[in-house]
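Trainee: Output the structure for:
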Amino acid sequence: MFKFIGVACVALVILCPFKDGSSVSDAAKNEIVQQIPYALDILAARHPIKVGLIRSLLNENGAMDSFVESFVRESMDHQQSPGIIDSYITYYSVMFNKDEVRSEMATSLEKEFGLND
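Mentor: Okay, the predicted model is just below:
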C-alpha cells in the first residue's frame, strides 16, 4: 500500500507540470505568466498614481496586463533554455512561493519601467 502511494506521489510530481504545457519548461513559463496580474496589483499598490495613469492612458481593459505579459514572455524566450531539472525546480518554486515570486516580479517591473524615478 505504501509503495503504491509513493509511486503515485512520484508520478504526480513528475506529471503535474504537464497540465500547463507540453514541456516542463513551458509549464514553468506559464506558471510565471499566471503571476503577472498579482504582480501588477502589487505595483499598483506601491505606485497607485503612476500605474493608474498608465492604465488610463492605455484606456483599454487588460492592455497593460497584455503588454506586461508579452514583455515577460519575450524576456523568458530570450534567456537560454533551462535544463529539465532547472525547469522542475523553477516550476515548483513558483508554485510553492507565489507571494515571493509576485513581489520579485513587481520589483523587477518597477525597475524595468522606471517607476521609482
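Trainee: in the chain, which residue is closest to the centre?
Mentor: Ile32 (1.7 Å; C-alpha atoms, centre = their mean).
Trainee: ok, that residue touching Glu104?
Mentor: No. The criterion here is C-beta atoms under 8 Å, and Ile32 misses it with Glu104 at 10.4 Å. (C-beta placed from N, C-alpha, C; glycine too.)
Trainee: does Ala28 sit in a helix or strand, and which one?
Mentor: In this assignment (DSSP states H and E), Ala28 forms part of helix 24-33.
Trainee: How far does that helix sit from its chain's centre?
Mentor: Mean-position distance between helix 24-33 and its chain equals 7 Å (C-alpha atoms, centre = their mean, to the nearest Å).
Trainee: same check, this time on stretch 56-75
Mentor: Using C-alpha atoms, centre = their mean, the offset of stretch 56-75 from its chain centre is 14 Å.
Trainee: Tell me which residues of it come out buried.
Mentor: Met64, Val68, Glu69, Val72 (16 or more other C-beta atoms under 10 Å).
Trainee: you'd agree the last one is up against Ile36?
Mentor: Yes. Distance between Val72 and Ile36: 6.1 Å, which falls inside the contact criterion (C-beta under 8 Å).
Trainee: Who are the packing partners of the helix holding Ala28?
Mentor: Counting contacts by 3 or more C-beta pairs under 8 Å, 6 or more residues apart in numbering; DSSP states H and E, helix 24-33 packs against helix 63-77, helix 84-96.
Trainee: what's the average pLDDT for it?
Mentor: In this model, helix 24-33 carries a mean pLDDT of 85.
Trainee: quick one: low-confidence parts of this protein?
Mentor: Scanning the chain for pLDDT under 70 picks out the ranges 1-21, 59-61, 117.
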